[in-house]
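# just the structure for this:
(2 chains)
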Amino acid sequence: MTSPAYPARPAFPAQLIWSTILLVLFFTIIRTLGERTRPAAAALDCDHFVAGDTPALERCLELRPDDVQLMTELGDAYAHAAQWDRAEAVYRRALSIDAEDGDVRVRLGGVLLQRGDAAGARREATAALDVQPGRAAAIDLIDRASAGAPGSAAAPGISAGGAR
Amino acid sequence: MASGRSVLIALARVINTTFFFATSVYCLLTYNAFTYEQFIKPNVSAALTAFAVWHGDLHWLVLSTTALTLAPFLERPRARWIGWSYLAASVAFSAWMFMHPLWLQTGMSRANLILAVVATLPPIWLAAFDHVALEPPAAALAPMNGGRTWRSCWIAAVFAFAVYAVAAPLRLRLTGGIALPFDSLLLGWTVSALAHLTAFTLVFLVLMAVSGLAGRTLSPGRTEYWLLYAMSAAAIALTLIRVMLAPIAIRGPAAWIVSVATGVALASTWSGIARHRLAGRAIRLKADPTLEKGPYPFFGPLSALEAWLAPIAVRGSRIACAIGLAAATVAVHLLISRIAMFDWEFMLQKLATLGLWLVAVGFIHALTRDPRGPGPRRALWIASAAVLALFAVEQVVLPRLPALVRSARLNPEFALDGYASVDPSFRIARDMLVSGTTGDAAEFYSYLRANATIEGTRIDPVDIDFVRAWTHATERPPNIFLFIIDSLRRDYVSSYNNAVSFTPAIRAFADDSLVFRRAFSRYAGTGLSVPAIWAGSMIIHKQYVAPFGPMNALEKLVTAKGYRQVITEDHITDELFSPSIDTIGLDHNVTEMLHTFCRTMAELAQNLPKLGNGPPLFVLTRPLDLHIGNIASATTPPGESYPGFYGPYAARVRRIDACFGEFVETLKRMKLYDNSIIVLTSDHGDSLGEGQRWGHGFTAFPEVLRVPLIIHVPAALGARMSADLARVSFSTDITPTLYALLGETPSAGESRGTRDLLMGSPLMVDPSADRSSRRRESYLIASSYGPVFGLLGRNGRRLYLADGVESREYAYDMSPDGTDVRVGMTDAERDGSRRAIREQIGELAAWYGLTPER
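Now for the predicted structure:
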């Protein structure tokens, strides 16, 4: 077999240069694109806020509409301000997302008792005991509902701090 | 005859290289702490164990086969000394291995690493022999033809795309686990097609760069060939680093050394096989010179690329190439269906697919012809630039696609992740093209990698004490039975899933117990989850801190209370528990992977009458009936059916339930049940096809983190305490709960800040205690086997995962009924989650006296 006659080496190494340029350009651009853009969030720290800061809690809840803990905090804020209907609405919203939250049930029961609904309070306290057997606050709520005495605005054991 | 001999020699080389590659892999797995502790010691892979045990005999077999292929060439002067020295060295190696059997090698020592590198030398040596012994090709190699190379790359791209794209809908339907609507599937196909085209265009450009560089030398073809060799060795090394070693937490200098050595060995073997194939071809040409004048297949000198691809195909019959492509397609699909269940985060599927890519390029290149003209035309550069530009545009357009098509339902990232689960070829192309991150994200993932699977740093144990001083209760403590069913999923237990009908005994037990509905493991693998249960806390990400005693809060409790320990012997208890003189070992001399719940319960029931009247018993066992290593080969017994469940797994759960029920009856008969604390839980869950995932690798997806946690408490103890069953709980709470139940109330009133988030807390407390903090806080979780960390918050309803292996992140909404929905995140949520993860990792590191790696 005869050796092939190769063409003379080109003066300008076009093949090497073009391929290198394309490779370098590609990887530079792809690296530069970096992380994809995501929707901007409001400049609000929903993990740390002042206790009872109702406006901040309401704004955070708009950003995190399914955050049960935010709803609990907001409900507590309403209850401390004796806004019983708002507190009840928020607690019920929380329970629609997480029906097993015994803390919210006790809180809702306390609000219902405040509004004179002893049967409702007993119902919520009993439901709380299903998931929190032996919980003193739930037992106390049943006792108060049975005695017909209104409860405190918030169930015992609620932290006053808003820091998370 | 000649080409037949070259094929046989090629096969012998493949066998030889496979043997030494497997040896190197085994030694590397033995060197690395994680793989040694979790794969080698417990004999997870029977095949790997068998290889190690029979290694010496296999080596003789391989040596004999290799010697037969060397014999015809040993008379050639240049090859003689290489061949004979190889044989002599091999015999010496065999003798050494006879005195130091592979399966008896001490783990985690430098000798393992050295042996892993040494095992790559024989293939290199053999390849050197092949290059020296064989006559070089009569004709000099020609430089590769740009037009033909371009065509081969693009056709290979279309082929690789089509092989998996066509099968994707079928795989989705057959295996389930991924809900991918048609628009998402269409998006997957489109993006996959462009990704393949881009990946193979890059391959083309690299080949052109190689050819351009070689063109500046005196022998362009020869230089091209050796540049292809170097490039292949580098590509193999990079593939090993990223696809094989990173997922099993082997990194750093050791990983690079072994990868580079293996890359050189495999590329050398490949080149040696190419030499034999070309030699066989030359002999055919000599025997039949008319072939040279015939139609295309044998006309003209070979190019460097053709020579390099000779192990797959040299110019030949089109039909043979087509059959080869078809056979490769069928083989890869069959292989993937077999290995999918026992794969480690798609590693084997990726390697099989890369093999298909190589085979496709080889056959397709053999099928194409040189176009007229000396080099690539301008059109090729324009086409290549257009593809790359299109890909870059796609990266910008994709996140904005939902807005562009006005579809709020379409989430491109989720759709492509779902598609990638059934298309490993797209997965590889995507990893090649869009891997790596920049800026803050890169720094965060680097932080995760630096704080996971810590090796090479001496770490002293910390004291984990839940109480300052022991109380001295006069009454006899209750017996404790701690059953940790490895890989038991919560949704296969009737107390958590009403659709389960095959665990009646556990249901009856649960009716009399506390069922913690949102229980999770803090680690997604046995390696750290079990020690964390004993410690009652998260522990530093290292296997293992020694001595473990100061951290073993559970052992301290049972020792202080005078318990007699009855413990299953496995590689973790052997290493971390300190048996006392009266400890009874269960499953003694039983291979760990064969530890079954029924066998252990039978042995325990047999021992109980002898032990019942003595000190209180502490029984601990971790059966492996449900481990993926056993499930992968299990079948659904005839006559049983489990619609909606994975049959082989459900069948084993049924058997476990039956044996559990029998054991509970035994306890009742012996009047031990009422006064015993019985904990039924698992160390982690498992993936059973969700998103095409199987088992529990280095990730921490929701189905792996969820565990059942059912605790039976003596009535007298339970009456004094209260529990919140719907509050997030962890397996690390078990030990502090036992403390509380035995009257050793963990130090109250002391807040240790972030450390409180790492430590377990009693699940049963004073009825008036406030336990609401658990609902508010977010808790660090981690993979046991890799740099994957996460944050579990909103009372177990939200999971953020940061994967430091693949530099990706996920967020899930997890509903209490077990359904998980992947969700997007805002920048604020992402930043907050990352900050919280850093805080808790930093606290953990500071606790152990480490400066958190930045």
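# model confidence over the longest helix anywhere in chain B, on average?
The longest helix of chain B (DSSP state H) is helix B:253-287. Helix B:253-287 shows a mean pLDDT of 90 in the predicted model.
# and B:A386, how many residues sit next to it?
Residues lying near B:A386 (other C-beta atoms under 10 Å in any protein chain shown) number 11. For the C-beta atoms, the positions are set from N, CA and C on the backbone; glycine is no exception.
# just the element for it, please.
According to DSSP states H and E, B:A386 maps onto helix B:378-397.
# now do the buried residues in that helix.
Neighbour-count burial for helix B:378-397 flags B:L380, B:W381, B:A383, B:S384, B:A385, B:V387, B:L388, B:F391, B:A392, B:E394 (criterion: 16 or more other C-beta atoms under 10 Å in any protein chain shown).
# who does that helix touch, helix- and strand-wise?
Contact here means 3 or more C-beta pairs under 8 Å, 6 or more residues apart in numbering or on different chains; DSSP states H and E; on that basis helix B:378-397 packs against helix A:14-33, helix B:146-175, helix B:182-214.
# taking helix B:182-214 as reference, get the angle to that helix.
Going by axes from the mean of the first three to the mean of the last three C-alpha atoms, to 10 degrees, helix B:378-397 is angled at 140 degrees with respect to helix B:182-214.
# would you report the backbone torsion angles of the residue most central in space within chain A?
Using C-alpha atoms, centre = their mean, the residue of chain A that lies closest to the mean C-alpha position is A:D67, 3.2 Å off. Per-residue torsions, A:D67: phi -90, psi 100 (degrees, to the nearest 10).
# count the neighbours of the spatially closest residue to it that is not a sequence neighbour for me.
Closest residue in space to A:D67, ignoring its immediate chain neighbours: B:R794 at 6.3 Å, by C-beta to C-beta, 6 or more residues apart in numbering or on different chains. B:R794 has 22 neighbouring residues, counting by other C-beta under 10 Å.
# likewise B:N630?
Neighbours around B:N630, by other C-beta under 10 Å: 20.
# just say helix, strand or coil for it.
Of the three states, B:N630 takes helix under DSSP: H, G, I helix; E, B strand; the rest coil.
# now do the contacts for it.
Neighbouring residues of B:N630 by C-beta atoms under 8 Å, 6 or more residues apart in numbering or on different chains: B:M593, B:L624, B:R652.
# show residues contacting stretch B:461-472.
With contact meaning C-beta under 8 Å, 6+ apart, stretch B:461-472 is reached by B:535-537, B:545-553, B:556-557, B:560, B:735-736, B:739, B:743-747, B:759, B:847-849.
# got the end-to-end distance for it?
Using C-alpha to C-alpha, to the nearest Å, one end of stretch B:461-472 lies 27 Å from the other.
# buried residues in that stretch?
B:P461, B:V462, B:I464, B:F466, B:V467.
# between the buried residues of helix B:378-397, which sits nearest A:Q114?
Distance to A:Q114 across the buried residues of helix B:378-397 (C-beta to C-beta) is lowest for B:E394, with 58.8 Å.
# in chain A, which residue sits closest to chain B?
A:L16 (2.7 Å; C-beta to the nearest C-beta).
# that residue: how many residues sit nearby?
Neighbours of A:L16 (other C-beta under 10 Å): 19.
# just checking, it touches B:A209?
Yes: A:L16 lies in contact with B:A209 (C-beta atoms under 8 Å); the separation is 5.9 Å.
# need the pLDDT of residue 65.
You didn't pick a chain, so chain A it is. Listed pLDDT for A:P65 reads 84.
# should've been chain B
For B:T65, pLDDT reads 92.
# also B:Q692?
B:Q692 is assigned 81 on the pLDDT scale.
# phi, psi of it?
Per degrees, to the nearest 10, the backbone of B:Q692 is at phi 60, psi 20.
# distance of the nearest residue to it once chain neighbours are set aside from B:S687?
In space, and not counting its chain neighbours, B:Q692 is closest to B:S421: 3.8 Å by C-beta to C-beta, 6+ apart. Computed as C-beta to C-beta, to the nearest Å, the B:S421 to B:S687 distance reads 11 Å.
# what's the overlap in contacts for the two?
B:R693.
# in the strand or helix carrying B:D440, what's buried?
Counting by DSSP H and E, the element that carries B:D440 is helix B:439-450. Residues B:A441, B:F444, B:Y445, B:S446, B:Y447, B:L448, B:R449 are the ones in helix B:439-450 that count as buried (16+ other C-beta under 10 Å).
# circling back to that earlier point, any chance of JSON lines for the buried residues of helix B:378-397, columns distance to B:A519 and pLDDT?
As requested, the buried residues of helix B:378-397 are exported to JSON lines (distance: C-beta to C-beta, whole Å; pLDDT from 0 to 100):
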{"residue": "B:L380", "distance to B:A519": "60", "pLDDT": "86"}
{"residue": "B:W381", "distance to B:A519": "60", "pLDDT": "88"}
{"residue": "B:A383", "distance to B:A519": "57", "pLDDT": "91"}
{"residue": "B:S384", "distance to B:A519": "55", "pLDDT": "92"}
{"residue": "B:A385", "distance to B:A519": "55", "pLDDT": "92"}
{"residue": "B:V387", "distance to B:A519": "50", "pLDDT": "94"}
{"residue": "B:L388", "distance to B:A519": "50", "pLDDT": "93"}
{"residue": "B:F391", "distance to B:A519": "45", "pLDDT": "92"}
{"residue": "B:A392", "distance to B:A519": "46", "pLDDT": "90"}
{"residue": "B:E394", "distance to B:A519": "43", "pLDDT": "91"}
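# which bits of the stretch 601-750 of chain B sit near chain A?
Residues of the stretch 601-750 of chain B lying near chain A by C-beta under 8 Å from any C-beta of the partner chain: B:G718, B:A719, B:M721, B:S722, B:A723, B:D724, B:L725, B:A726, B:R727.
# and the second one, what is it in contact with?
Under the criterion of C-beta under 8 Å, 6+ apart, the contact list for B:A719 reads A:G134.
# and if we set it to 10 Å?
A:G134, B:V713 (C-beta atoms under 10 Å, 6 or more residues apart in numbering or on different chains).
# repeat for the third one
For B:M721, the residues meeting the contact criterion (C-beta under 10 Å, 6+ apart) are A:133-134, B:514, B:713, B:737, B:740-741, B:762-767, B:769.
# narrow the residues you listed to those in strands?
B:L514, B:M764, B:V765 (DSSP state E).
# can you get me a residue count around the first one?
Other residues near B:L514 come to 20 when the count uses other C-beta under 10 Å.
# so how far is chain A from it?
B:L514 is 7 Å from chain A, where distance means C-beta to the nearest C-beta, to the nearest Å.
# thinking again about what came up before, centre of the chain to the helix holding B:A386, how far?
In this view, helix B:378-397 has its centroid 34 Å away from the chain centroid, taken as C-alpha atoms, centre = their mean, to the nearest Å.
# show residues contacting the helix or strand following that helix.
Counting by DSSP H and E, the next helix or strand C-terminal to helix B:378-397 is helix B:401-405. Helix B:401-405 is contacted by residues B:D183, B:L187, B:E394, B:V397, B:L398, B:S407, B:A408, B:R409, B:L410, B:N411, B:P412, B:A415 when judged by C-beta under 10 Å, 6+ apart.
# can we see that at 6 Å?
With contact meaning C-beta atoms under 6 Å, 6 or more residues apart in numbering or on different chains, helix B:401-405 is reached by B:L410, B:P412.
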